[in-house]
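**Student:** quick one, structure for this:
(chains A and B)
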Amino acid sequence: MMSFNALMFIALGYVVLLFTIAFMAERRAANGHSNWLTSPWIYTLSLSIYCTGWTFYGAVGYAARSGLEFVTIYLGPTLVMVGWWWVLRRLVRIGRAQRITSIADLVSSRFGKSTQLGVIVTVISVIAAMPYIALQLQSVTLSFAVFAQTEGVDWAQNDFNFTALWVAVGLAVFTVIFGTRNLDANERHHGVVIAIAVEAVVKLCALVAVGIFVVWGIAGGPSEMLTRIDQSDIVLWNQESGRWISLIFLSGAAFLCLPRMFQVLVIENADERHLHIASWAFPLYLFMMSLFVVPIAVIGLELMPAGSNPDLFVLTVPLSEGRGGLAVLSFLGGFSSATSMVIVATIALATMVSNHMVVPFWLYLQGSQQAVISGDVRHVILLSRRLSVAGILLLGFVYYRISGGGTALAAIGLISFTGSVQILPAMIGGIFWRGATGVGAAAGLITGLVIWMWTLFLPSFGVDAVISQTVMDQGPYGLSWLRPQALFGTNGLDPLVHGIIWSMLLNTSAFILFSLVTFPAPLERLQGAQFVNVFDHSTAAPAWTGAATGAEDLLIMSQRILGGPEAQAIFEAEALRQGKVGYLPEVTSDFIERLERDLAGSVGAATAHAMIGQLIGGSSVSVEDLIAVADEAAQILEYSNRLEAKSKEQERTARALRAANDKLTALSIQKDSFLSQISHELRTPMTSIRSFSDILRDGVTSDAEHEKYAGIIYDEAVRLTRLLDDLLDLSVLENGQVELRDQTGRLSDLLDRAVRAAGLHEGSLKISRDRASEDVTLTTDMDRLGQVFINLIANAQKYCDAKAPHLTIKVTQDDAAYLVDFIDNGSGIAPDKQELIFEKFSRVADGSKAGGAGLGLAICREIMQRLGGEVHYLPQNCGAAFRVWLPKVKTMVALEET
Amino acid sequence: MSQRPKPPVFLQKASYRQRRVRDAAKLVPVLGAVLWAMPLAWQDDAQGATTNASALVYIFGVWIALIALTAVLSGLMRSIPQQDHKETSDE
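**Tutor:** Residues are numbered from 1 along each chain as shown, chains lettered A, B, ... in the order given. Coordinates of the predicted model:
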């Protein structure tokens, strides 16, 4: 049989072994061989601090008392792990992007780097952790006592206290040595992590070994074991649904909210991809840890004398069977469970206490006096962390002494869980809901804390310890609706379920309600966007504008926090990045932001923000900045939209320019052809005038010739004059300078005059008219209209190629206009020329025959437009036909233009 | 012009698979919660009361099945090459 001294010796040896492993791991990491230290398996094993001494010993006792309910404590975390895609992935990403140091830092950072929230979360966590640490001390002490008992020594209360104290001291030393070595919580504690991994393997092996011994060694195989389970007195399945569901929820939530779990899950996570493995490997670990719990409980109840503590079956069953070695292994397992949990929990809590309570307070005391000793803040932080470790363990020990260590392990553990879970609404709300505000979070946290203290924590000290029996039965001051275990008269609930439901319900309600009615500060909104949309943009908030500080000041401050060499290294690297030589980079807002995050890794976001704020002069983010930067995407989109609009506008302008250019080119061509036409038209008569006047000057032979030549010169001069008249006329018409004089007259008179003025040679062109239809009175510029008629009649005379030319003038009218058609019996105008005849200088036949300049129809068209009418060519079966269209009432346009 | 590239409507087969694997992974905890809540409806009736052994086997059976399912899914997630490097919030 194992002697108690030998056990002490083995325990000490085990501790020395852990120290050695931790030292070696630290050294390897320092030399850069940290590959295997950051493997997903080590990560998974480090999560096993969830299985504490409570789990190791208490689960069997729990199973012996309440059947399968013990398993809920593992089912919750299993659901969280297999559902890692929902919450864990987000938490890990946020932790990395924002350089989160603890769960208090997460909440504080999310709600605008608020110091107050950090303090609240820290207080909740410390209070909630106290019973738990006490529990670990208790389980280790009890296990020692079991071995002492086998030697026939029954421990008195003093022995328990003495052992518990020494266990606490030993744990404090280990934690201080390995847990507060590095300041940067983002740098992983390799020594601690590897020690925890080893302990995780030890406790799993121990429990599985005892389980195998029980199933195969005592029961005789799995099927026999199942038979025994069926026959045992334990009722495994007797669940009331409230407790079953509440406990699964509670354990799952606690898995996320416990400071130590947050530490290993998020902060010690080296690589997001480790979650892939851990998502199933850790549930498997939990499965293995709980697989043999029921068999051990059943066999323990069978073998052990009535009244023995089922919490210790893991130890006492092997001992009673004379398996000393197995019992020692199991003792080491329990020892490992307790110590690893305490170590990580104290590291996490000490970080929170130092970053969120001690340092802000110290900085506040320092006030404006600038103590500029390099590394002074660093010393304060390290010292405060070490003292916090000791203080937290001391608190645990005090709780252990007060509570007397008599209560069942599981009950205390669940109360502690419920306390931690009060952080859940603020945390989950913070990472999924942008509308969550700091005030809401604080309200929820405080409400939850108060309800938890009243309904669970204070009653847990035992009847009459803190809350008297009268208050329990009748409520404070006789207010029965405030009874700790029957709030608002809900006395039908299990006390634990009652506490969970009321604290979570009121906590969440206060959180949501206050978030809805308050308005967040700019920095809070910025951080909210960063947290909720962490997968969209993982850059930190550009929280500083217009850096009005020197690089020296920043360097001095960083040295205070990080120590000389580290701070200088950061500044040198930044200077190098900016392409400068030396220690002092440009103070850009980018650099400040990076520096703040580096500092946040050491002292937490709130403190880092406050310290930088002191230097920068508080020129933190303003609402305008917030609006400007909060949604960069929108900005970029807007910019691109503007570009697009501009480019569209440019395209439009280009199109307009092209059109204008085309028009100008066409006009230029038109002008050129006009000039060449004009010069041609002027030149022909000029040539004949010059040559005939030449002949006349040289002396002419006969009078007849003389007369003939003078006649030609006269005709050509007339033609020239007419051409120039026409040109002048057309130019006046086109420029709109013509003045129209309205007269009233009869159409038939006008036509008579026109026919006469056309100067028809006798018999050359027959004209047929219908006098009756022509008997209408017109009010228009009669002279101009007559000019049009003359032109048209003259045209018919010139161009009609029929043997007996004949022109029909037909007058009709409709509702709006008079129509005067001039139809001859010639061959008409070819369809492809019909478009052109109204253009200047266009002549269908060759010019010699007509003798005109080709301006007649152009003038007609211009005149008709001025008069508000039209003239166009009527396609006919035979002969050319022109229609003059004259409105009965002058249109407004025509009036205005005249 | 320089508008943000819209996410494609149709994904390549590999990334489509990847997304469905993620969907499945998201649903595993729901499945677990439902399966573990089921025993609450068990009634001790006249013939066969819920035996200790059957309850034990059921709870642990669901457990190991969930672990296996998660292991398979996370294995699939890693073996399928990540098409979209930029991790999005993937809805």
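**Student:** report pLDDT for the residue of the stretch 351-500 of chain A found nearest chain B.
**Tutor:** Nearest to chain B, among the residues of the stretch 351-500 of chain A, is residue A:432, at 11.4 Å (Cβ to the nearest Cβ). Bear in mind the C-beta positions are built from the backbone N, C-alpha and C, glycine included. Listed pLDDT for residue A:432 reads 91.
**Student:** then residue A:892?
**Tutor:** We have a pLDDT of 42 for residue A:892.
**Student:** same check on residue A:396?
**Tutor:** Looking at residue A:396, the pLDDT reads 86.
**Student:** ok, now residue A:499?
**Tutor:** Residue A:499 is assigned a pLDDT of 90 by the prediction.
**Student:** what about it, helix or strand, and which?
**Tutor:** For residue A:499, the host element (DSSP states H and E) is helix A:495-517.
**Student:** and that helix, C-alpha only, in PDB?
**Tutor:** Extracted C-alpha coordinates of helix A:495-517, given in PDB (Å, rounded to 0.1, in the frame of the first residue of the first chain):
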ATOM      1  CA  PRO A 495     -33.300  26.900  -7.300                       C
ATOM      2  CA  LEU A 496     -30.600  26.700  -9.900                       C
ATOM      3  CA  VAL A 497     -33.000  26.800 -12.900                       C
ATOM      4  CA  HIS A 498     -34.700  29.700 -11.200                       C
ATOM      5  CA  GLY A 499     -31.500  31.600 -10.800                       C
ATOM      6  CA  ILE A 500     -30.400  30.900 -14.400                       C
ATOM      7  CA  ILE A 501     -33.700  31.900 -15.900                       C
ATOM      8  CA  TRP A 502     -34.200  35.100 -13.900                       C
ATOM      9  CA  SER A 503     -30.700  36.300 -14.200                       C
ATOM     10  CA  MET A 504     -30.400  35.700 -17.900                       C
ATOM     11  CA  LEU A 505     -33.900  37.000 -18.700                       C
ATOM     12  CA  LEU A 506     -33.500  40.300 -16.800                       C
ATOM     13  CA  ASN A 507     -29.900  40.600 -17.900                       C
ATOM     14  CA  THR A 508     -30.800  40.300 -21.600                       C
ATOM     15  CA  SER A 509     -33.800  42.500 -21.200                       C
ATOM     16  CA  ALA A 510     -31.900  45.300 -19.600                       C
ATOM     17  CA  PHE A 511     -29.200  45.000 -22.200                       C
ATOM     18  CA  ILE A 512     -31.600  45.200 -25.100                       C
ATOM     19  CA  LEU A 513     -33.800  47.800 -23.600                       C
ATOM     20  CA  PHE A 514     -31.000  50.200 -22.700                       C
ATOM     21  CA  SER A 515     -29.300  49.600 -26.000                       C
ATOM     22  CA  LEU A 516     -32.400  50.500 -27.800                       C
ATOM     23  CA  VAL A 517     -33.000  53.800 -26.000                       C
END
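**Student:** which parts of that helix are buried?
**Tutor:** A:495-504, A:506-508, A:510-512, A:514-515 (16 or more other Cβ atoms under 10 Å in any protein chain shown).
**Student:** how about residues contacting that helix?
**Tutor:** By Cβ atoms under 8 Å, 6 or more residues apart in numbering or on different chains, the residues outside helix A:495-517 that reach it are A:242-243, A:246, A:249-250, A:411, A:414-415, A:418, A:421-422, A:424-426, A:429, A:433, A:435-437, A:439-448, A:451-452, A:455-456, A:459, A:485-488, A:490, A:493.
**Student:** filter the residues you listed down to the buried ones.
**Tutor:** The buried subset of the contacts of helix A:495-517 - by 16+ other Cβ under 10 Å - is A:242-243, A:246, A:249-250, A:411, A:414-415, A:418, A:421-422, A:424-426, A:429, A:433, A:436-437, A:439-448, A:451-452, A:455-456, A:459, A:485-487, A:493.
**Student:** among the residues you listed, which lie within helices?
**Tutor:** Using DSSP state H, the members of the buried ones among the contacts of helix A:495-517 that fall in helices are A:242-243, A:246, A:249-250, A:411, A:414-415, A:418, A:421, A:424-426, A:429, A:439-448, A:451-452.
**Student:** does residue A:764 count as helix, strand or coil?
**Tutor:** When classified by DSSP: H, G, I helix; E, B strand; the rest coil, residue A:764 comes out as coil.
**Student:** give me the pLDDT value at it.
**Tutor:** Here, the pLDDT recorded for residue A:764 equals 74.
**Student:** same deal with residue A:828?
**Tutor:** So residue A:828 comes in at 78 (pLDDT).
**Student:** so is it in a helix, a strand, or just coil?
**Tutor:** Here residue A:828 is recorded as coil under three-state DSSP.
**Student:** next, it: phi, psi?
**Tutor:** The phi/psi pair for residue A:828 (degrees, to the nearest 10) reads phi 80, psi -170.
**Student:** how about it: what's its closest non-neighbour residue?
**Tutor:** Excluding the flanking residues, the one nearest residue A:828 by Cβ to Cβ, 6 or more residues apart in numbering or on different chains is residue A:880, at 4.7 Å.
**Student:** any idea how many residues pack against that neighbour?
**Tutor:** Residues contacting residue A:880 under the criterion other Cβ atoms under 10 Å in any protein chain shown number 26.
**Student:** what does the one 5 residues further on give?
**Tutor:** Other residues within reach of residue A:885, judged by other Cβ under 10 Å, total 18.
**Student:** quick check, residue A:105 in a helix?
**Tutor:** Yes: assigned with three-state DSSP, residue A:105 falls within a helix.
**Student:** right, I'll call it a day here.
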